[in-house]
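Engineer: what's the 3D shape of this:
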Amino acid sequence: MRDLAQGRLNARVRRGCSCSTPDALHEDLNNIGVALNTLGEELQATVVSRDEYERALRELAQAQAQLVHAAKLAAIGQLAAGVAHELNQPLQIIALTIDEMRDAVLAQDQQDILEFIDLIETQVTRGGAVVGRLLTFSRKDDSSGSALININDVVSKAMGVLRAQCASSGIGIEVQLDPNISPIPCKTGELLQVVANLVINARDALERTPDPLIRVQTFVEDEAIGIEVADNGPGIPAADLERIFEPFYTTKSIGVGTGLGLSIVHGIVDRHGGVIEVLSELGLGARIRVKLPGARRS
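Structural biologist: Alright, predicted model coming up:
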């Protein structure tokens, strides 16, 4: 019993009585030994089952993290056109400036040379900021837990990349940030992915819409803070509203999207203890509202 209590679950009682005429006491002791051996075996089996269960949970968590990261990289791929457009302009300016700078060097015009160097430095900084914003999307969150984050900062970072991408598709963007939002515990990378997926979905819905517009805003409502992404597209049919968060369910054309975007969003919001609402009518666009707990008015 002492061995079992101290965790030595392979300990067993040796059975059998050495006396020639075993009495009731010896019989009881043998029965106790059998019971203790059975208990040890059951405890060993329980520990093995628990270890297998915990290992399965760890493997599931790893698979979920890999799926979220893969979906994030897929979203980054969809942002490539806008990022390329943003990078192309400073690169063109640098190329033209270098040509002008060569002439200034030959003419030994120190003032012009210094001005051209400053201009090149400005454009390099601009290009670096574009790459930095994209890298923010691709980083994995620290697995140690959440940090206190203001979702206004998350939305601003996300739209820094998404605005140019939408502009390249001719889509107008409006961003309205509630100034009364307090920081909440969350994972920046995951919330960036929420905003990116919602905006990309809205962008795809506006493909044939005249004067397309996406409105992104943050808000405080009761004890929750939120992010809303709205578009003036064709809206979502009632039959699809019930299924849009299902993995791999999509109404897009073959080859456009994976059907994982909104499913990933739903999972992230759920892990943050929040809820997600979809409000839409055919012909009147769609609004997707994400509400997260822990907000208080400043």
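Engineer: Just after the helix or strand hosting Ile117, pick out the following helix or strand.
Structural biologist: If you go by DSSP states H and E, Ile117 is part of helix 110-138. Sequence order places strand 147-149 as the next helix or strand after helix 110-138, per DSSP H and E.
Engineer: And the next helix or strand after that next one, what's buried?
Structural biologist: Scanning forward in sequence from strand 147-149 by DSSP H and E, the next helix or strand is helix 151-167. Neighbour counts using 16 or more other Cβ atoms under 10 Å place 151-152, 154-155, 157-166 of helix 151-167 among the buried residues. To be clear about C-beta, it is placed using only N, CA and C from the backbone, and glycine gets the same treatment.
Engineer: which secondary structure elements does the helix holding Ile117 contact?
Structural biologist: helix 24-78, helix 80-106, helix 151-167, helix 188-205 (3 or more Cβ pairs under 8 Å, 6 or more residues apart in numbering; DSSP states H and E).
Engineer: Show me the one of these that comes nearest Val229.
Structural biologist: Proximity to Val229 (Cβ to Cβ) singles out helix 188-205 among the helices and strands packed on helix 110-138, at 4.0 Å.
Engineer: Show me what the closest one is packed up against.
Structural biologist: Using 3+ Cβ pairs under 8 Å, 6+ apart: helix 188-205 touches helix 24-78, helix 110-138, strand 147-149, helix 151-167, strand 213-221, strand 224-231, helix 261-271, strand 286-293.
Engineer: how about a cut-off of 7 Å?
Structural biologist: Judged by 3 or more Cβ pairs under 7 Å, 6 or more residues apart in numbering; DSSP states H and E, helix 188-205 is in contact with helix 24-78, helix 110-138, helix 151-167, strand 213-221, strand 224-231, helix 261-271, strand 286-293.
Engineer: Can you spell out the domain ranges of the protein, please?
Structural biologist: Using automatic domain parsing, the domain parsing of the chain gives 2-67, 79-138, 146-298.
Engineer: For the nearest residue to Arg126 once chain neighbours are set aside, list the residues it contacts.
Structural biologist: Among residues not flanking Arg126 along the chain, Pro90 sits closest, at 4.8 Å (Cβ to Cβ, 6 or more residues apart in numbering). Residues in contact with Pro90 (Cβ atoms under 7 Å, 6 or more residues apart in numbering) are Gln123, Arg126, Gly127.
Engineer: Go through the helices and strands packed on helix 110-138 and pick out the most buried.
Structural biologist: helix 188-205 (a mean of 23; mean count of other Cβ atoms under 10 Å).
Engineer: Averaged pLDDT, that one. What do you get?
Structural biologist: In this model, helix 188-205 carries a mean pLDDT of 86.
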